[in-house]
Structures are given as structure tokens and as C-alpha cells.
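J.: Next comes the sequence, and after it the predicted model I'd like to discuss.
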Amino acid sequence: MRSKVWRGRVASWWEERLGWSLLVNFLRHKTVPQTKHTIWLYTGSLILLFFSLQVVTGIILALYYKPTIAEANESVRRIMTEVPLGWVIRSIHFWSATGMIATVFVHMISSWLLKSYRRPRELTWMTGVFLLVITLGFGFTGYLLPWDHLSLAATKVGTDIPRAIPLVGLWISKLLRGGEDVSGDTLTRFYIFHVCLLPLLILVLVGIHLFLVQKLGMSHPLSCEIKGIRVEEVPFWPNFVLREARVWVVAVGLLVTVAVFLPRSLGPKADLMAPTPAGIKPEWYFLFLFQTLKLFPAELLVVSGETVAIFLILLGLALFFFLPLIDTRPAARKGKVITLVSLALIAYAIGMTIWSLLE
Amino acid sequence: MNLRIKQWSQSPVLFLLLTCFLFFPLAGKLFPCIGKAAAAGNNGVTLMAGETAPEPVLARPNFFHAVGERASSGFMRINLRLVIPGESPGKKETETTAEVFFGFGPAELFLRQNQPLLLAGWVERQEIKEGKTDYMEDLSWLQTAPPERRGEKQEGENVRERKENRQVLRPAFMNIKEKVGIYAFVAWMWLVIAVFLYVLNEQVKEADRRHRYKL
């Protein structure tokens, strides 16, 4: 009885200051469509889960990491050998990043195929594309931080690619590198991007994205709209959250198990004077772009092949970003062309990745 | 280590070709074998006196650009000391050092104490011969001059640290206690997850029931 009184007092104290009953009421009344496609809705919260794990493990790693070329590799080595369970923390950080990127891809592809970007969710899609780019940016900047010879080589190649862009390419490359070539300044910049700039950007964009998702609700599958089938809705709290929680606990379990049994190794310390090792490849999520670049010849008529490839990739990204403004059919029209194009591009990306892995 | 040393050349021709290579970066592309020769000296192994190379340095195919670029644009120093195992079992190892400077032109290429290029050898791994790896041949500049000795104790520690830095670090359990602890944690975690899933399933059923009957 006394505890109930105390709980009521604490609740009213918070209510008076934060007015959180508004949020509780909103969550109680928010509903989520329950269809055979609902499984794809779980990917959104799974991304947030992976991101949260990265924030936590990243803060722990930052306590020991030193972003200088003299100490970066040694500090990671120390984390893995001297810090209690440091290698597990680093491994969880790596695998949660991998999981996050994979889930972001699945989330985007499912939204693409289900045409969830259509009116009125154009901005939700666009912020999602920005979030995809930022997530890849996290992967790219984080890859250099251990300062081993592979990460250095990959960064040299990666920061060299923008040079093929006319007019601004050189400037972008210099901005990333902090000079003409990859150096200690690049490491410092990548560290700042990784722990300050990108987290700030992602927090702002995730805030906008979530606000839009809450405001507009989850989209209903087109097939239901066309056939006029009434979609069953379940409350977000507790029905949907409990369903998501099942996915979260399994994801955390898998993540920890993979991190323990397939820990991330650390390569030899990078040497700025060393040549690029043979057969250098980026991380799996950049492989299809990497392989695409390799397909182009050195010269195409009078233009560099790399410039043409970069132009086409940027054009593809722009089309992807503006997809909701291109596919403006009424919701009832399925848009088979978009579906076929998306399936072809997904098959292309998977094919290129496999090809690059087999090479 | 299954290494095989083969005397390849002490010829001044090699020295001239190397000079050509450094003077004209394109020459490295014209003479791939010379490119490989130069690659051995610039393979990420910057060893100080008293250090031992963990294994032969390996040439990389895209070396030409790297060396050509540096040779024409800056100054680079490579300090090598390699321990070469004997050709046959029981034969003593050979320790050699080399210090090479690249500058703005061939005139700045010289070995320590202005000694000529003494020895160049193809170093092959046994695995290469057997086709198990795709490593390329390696050619090293070697010099018989003794290594510098400076503060041996301090140097020994630096050597150990550098050796560690050159190896791929594969994480592992620190001791049996940590190993057992982590295995026990993973097993316990999956047990907890199984219980959680059961409880959550029941909760979902209950929540759906309440929703269905609008309770």
C-alpha cells in the first residue's frame, strides 16, 4: 500500500515536469499493421538496437583508443591484449556495425519493394537514404581507425576515388585526407568524423526519420490496398513492442556469440611508406561499387573511365534518393517497372559482391 | 622457415637498371623484374639496427607507382636488416643489413658507407614453388656491414614492440579462467534468451487476447 503511494508520488512528480503521459497515450493509441510483410518492420528497431550497442561499445573503446599514427595501432592492440574483455568489446563493436549495415540494406530494400516511399512518405524515404549514406560513412571512417596496413590501403583507394569527380573531386579528396596524401591528419579527421560529426548527423536524421514514421504511421502493403482487404492493426504498445523484443534478444544473442567465436583480428601496423598490398579489397558493403569501378576501362573516348563510373554511381544514388518523386503513381498502381528495376539492381549488387569475393 | 636463397646477381647491370628505374618511374613498368627488385626494399618493413625481419619481405605488383612517385617527389629512407636462413639444414643463418636512400634522382641512391650493391637474391617460399600461395618473388638489397648498436636494452624493447606490431593479432582468451568464464556466460545467455522467448511468447499471446476482446 505504501509502495503504491510512493509510486504515485514519483509518477506525478515526473508528470508535472515532463508531461510524459502524452507520450504514453500516444504509444498506447499508435497501431501497426499486422500482415505477412510485418516482419520487415522489425528491421527498423533492429537498426536502432545495433546502433545503441555501437554507441556503448564505442564509448568503451574510446576510453583506450589514441587517434595518432604512432599510437592508434598500439592502443587497439592494447585493448585486445591488456584491457579485460577488450577484444570482445571490439568484436561486438565490429559485428554490430556489420549487422547494422546489413539491416539498413534490408530495411531500404524492403521499403523499396513494398513501395513504402510513396506519398505521403517521401521525406521518410529521403531521410532514410541519408541515413544509409551516413551508416556507410561510419563503416568507411571506422575501418581506418585500427591503423593497420589493410585499412590504410583501403583508405588510400577510397579517398582517391572522389578525385575522378570533375571540379570538386580534388577538394573532396583533400577534405577527407587533410592533405594531398593519407597521413596522420587523415586518421585524426576520420576519428572526428566517426565519433563526432557522423553521430551528430545520425542523431538528427534518426530523430526526423522517427518523427515522420510516428506522424505518418507504417504504410499498408499495396496488395491489400488494391484488393481492398482490411488490414488488421495491433497496438504498438505492448503488442508490437513485445514481438520486436523477441527479435532483439535473439539478435543480441547471435551478436555476442559471433563476437566471441569469430573475433575481429588486427593487422600489422600501417606504414605510410609501404606500397599498397596486393589484392586489396574494401569491406563487403562496398564490394559491388568496387567491382563496378573495376569494370570500366581506363579511358572511355576522351573521358577517364573512372570519372564515367563515378558519374553513373552518383546518378544512381540521385535516382534512388528522388525515387518517391519519380514513382508518383496512385497508391493502387503497383509500378511493375520499378519493381523489376529494383530486383535487377539488387541482383546486380549481389552478383558483383560475389564476383569480387571470388576474385 | 622454408626459404631458399639463390644467388641472383652481383652485377653492376642490376645497379644500373635500378638506377634507371628510380630515375624514370615508367622503367619499372617496362622492366617488371626490376620493379620487383625495388619492391623488396620498400615493402613496409622499416627495421632498425638489431631487429630481425620476421619473414622475407614480399614484392607487390603495384609497387611501381609507389616507388616511382616517391622517388620523384620526395625523400625516403629504408633501413633493412634481414635474417636469411641457411640453404640447407644446419647451415648458419646469414644476417645482413641495408640502408637505402631514395631522393630526387639516381645520384641519391646509395647504400650505407657508399658501398656498392653487394648481393641480390631471389627469396622464395616453399609454398610458392608448390603453388600454395600467390606471393610474388622477393629480391632484397643486402649488405654485409654490421648493424648499428645503440642502447641495446632500450633497443631490445623497441624490437619486441615492433615485432608485435608487424604481426596479425588474432584475439584469444587470455587464460583458461577467461575462456571458461566466457563459455559459461554464452551458455547462460542462451538459456536466459530461451526463457525470455518463452515469456515473451506468452506475453504476446496475452496482449493479443486482450486486444481481441478489447480489454
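T.: In hand now; what should we look at? Numbers count the residues shown, from 1 in each chain, chains lettered A, B, ... in the order given.
J.: Could you list the residues of the stretch 1-150 of chain A in contact with chain B?
T.: Applying CB under 8 Å from any CB of the partner chain, we find that the stretch 1-150 of chain A lies next to chain B at A:Asn73, A:Glu74, A:Arg77, A:Met80, A:Thr81, A:Leu85, A:Trp87, A:Val88, A:Arg90, A:Ser91, A:His149. Every C-beta, even on glycine, is put in place using the N, C-alpha and C of the backbone.
J.: wait, doesn't the second one sit right on A:Ala270?
T.: Same thing as A:Glu74. No: using CB atoms under 8 Å, A:Glu74 is not in contact with A:Ala270; the gap is 11.7 Å.
J.: So which of the two has more stuff around it?
T.: The neighbour comparison of A:Glu74 against A:Ala270 (other CB atoms under 10 Å in any protein chain shown) goes to A:Ala270, with 24 against 16.
J.: where does the more buried one land on pLDDT?
T.: Here, the pLDDT recorded for A:Ala270 equals 90.
J.: what about the residue nearest to it when sequence neighbours are not counted, which helix or strand?
T.: For A:Ala270, ignoring the flanking residues on the chain, the nearest one in space by CB to CB, 6 or more residues apart in numbering or on different chains is A:Leu152 at 3.6 Å. Using DSSP states H and E, the element containing A:Leu152 is helix A:149-160.
J.: Now do the helix or strand following that helix: which elements does it pack against?
T.: Counting by DSSP H and E, the next helix or strand C-terminal to helix A:149-160 is helix A:169-177. For helix A:169-177, the packing partners by 3 or more CB pairs under 8 Å, 6 or more residues apart in numbering or on different chains; DSSP states H and E come out as helix A:149-160, helix A:184-192.
J.: Can you list the neighbours in contact with the last one?
T.: Right, the one you point to is helix A:184-192. A:67-69, A:72, A:141, A:144-145, A:147, A:155, A:159, A:176-179 (CB atoms under 8 Å, 6 or more residues apart in numbering or on different chains).
J.: Distance from the chain centre to it, please.
T.: 21 Å (CA atoms, centre = their mean, to the nearest Å).
J.: ditto for the first one
T.: Centroid displacement of helix A:149-160 relative to its chain, using CA atoms, centre = their mean, is 20 Å.
J.: Output that helix in CSV with nothing but the alpha carbons.
T.: The C-alpha trace of helix A:149-160 is given here as CSV (Å, rounded to 0.1, in the frame of the first residue of the first chain):
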residue,chain,number,x,y,z
HIS,A,149,48.1,-1.9,-43.3
LEU,A,150,44.9,-3.1,-44.9
SER,A,151,42.8,-0.2,-43.5
LEU,A,152,45.4,2.3,-44.7
ALA,A,153,45.5,0.8,-48.2
ALA,A,154,41.7,0.7,-48.4
THR,A,155,41.5,4.3,-47.3
LYS,A,156,44.1,5.3,-49.8
VAL,A,157,42.0,3.8,-52.5
GLY,A,158,38.7,5.0,-51.1
THR,A,159,39.8,8.6,-50.7
ASP,A,160,41.4,8.6,-54.1
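J.: Next, the angle helix A:184-192 makes with that helix.
T.: Interaxial angle of helix A:149-160 relative to helix A:184-192 (axes from the mean of the first three to the mean of the last three CA atoms, to 10 degrees): 90 degrees.
J.: Flag every buried residue along helix A:149-160.
T.: A:His149, A:Leu150, A:Ser151, A:Leu152, A:Ala153, A:Ala154, A:Thr155, A:Lys156, A:Val157, A:Gly158, A:Thr159, A:Asp160 (16 or more other CB atoms under 10 Å in any protein chain shown).
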